[in-house]
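Asker: Fold the following.
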Amino acid sequence: MAIMRALETTAETSSRMSKQRSRNTDVEMALRRALHASGFRYRVHRRPLKGVRREADIVFGPAKVAVFVDGCFWHGCPEHATWPKRNSAFWREKIEKNRMRDANTDARLAEAGWVPLRVWEHEAADEAAARVAAIVMERRPLRRVGRGIRDTVAGTGLEGGSTTDI
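Answerer: Residues are numbered from 1 along each chain as shown. A predicted model of the protein is given here:
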């Protein structure tokens with residue numbers, strides 16, 4: 001286990017950083033509200049794969065879609081990432097490790113048949129929700145209704161309107 005060295009920081013910076021939430025951020029909540037309003041149901045803060053200590057923010061189990069809402073600073077957004085001037089070596093190393101872990105997580109999920117989706121905090125919730133919805137709908141199996149198969153995506157309330165008897 002690596003030993004963390006003490007950082008030179010101010011009380012103001014320390015206080016601000018300690019208040020950064022890692023769950024239920026405003027961006028994540030807006031995305032979840034948009035998906036829920038569209039009729040989607042999902043699990044939150046779950047590990048998609050057993051034995052892998054990585055937690056997705058939103059999980060669509062039957063469709064095998066794992067959504068991660070990434071902060072621009074913490075995950076090194078190519079559009080908005082900034083490199084701090086104070087303790088720059090520490091932060092660069094930390095953010096690069098986060099990027100490597102994200103890539104490893106995506107690869108492990110893909111190997112297991114999952115689709116990992118990354119949503120940046122700067123993305124509009126409705127646009128991100130539409131992107132997530134399209135992939136979830138594409139991967140969900142058709143739901144059986146009575147004696148036929150209904151063109152309904154399970155649990156979404158979105159219907160194609162036709163029923164086919166078997």
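
Asker: Just want the most central residue of the chain.
Answerer: By C-alpha atoms, centre = their mean, the chain has its centre lying nearest to F68, at 1.5 Å.

Asker: what is the mean pLDDT for the helix or strand hosting that one?
Answerer: Taking DSSP states H and E as the criterion, F68 maps to strand 65-70. Across strand 65-70, pLDDT averages out at 96.

Asker: Give me the helices and strands touching it, please.
Answerer: With contacts taken as 3 or more C-beta pairs under 8 Å, 6 or more residues apart in numbering; DSSP states H and E, strand 65-70 sits against helix 26-37, strand 56-60, helix 88-111, strand 115-120, helix 125-139. Where you see a C-beta, it was placed from the backbone N, CA and C, and this is true even at glycine.

Asker: To V44, which of those lies closest?
Answerer: In terms of C-beta to C-beta, the element of those nearest to V44 is strand 56-60, at 6.0 Å.

Asker: Give me the residues contacting that closest one.
Answerer: Residues lying outside strand 56-60 but in contact with it, judged by C-beta atoms under 8 Å, 6 or more residues apart in numbering, are 23, 28, 31-32, 35, 40, 42-48, 65-69, 116, 132, 136, 139-140.

Asker: what do you get for stretch 92-112?
Answerer: Outside stretch 92-112, the residues touching it (C-beta under 8 Å, 6+ apart) are 48-49, 52, 54, 64, 66, 68, 70, 73-76, 81, 83, 115-116, 118.
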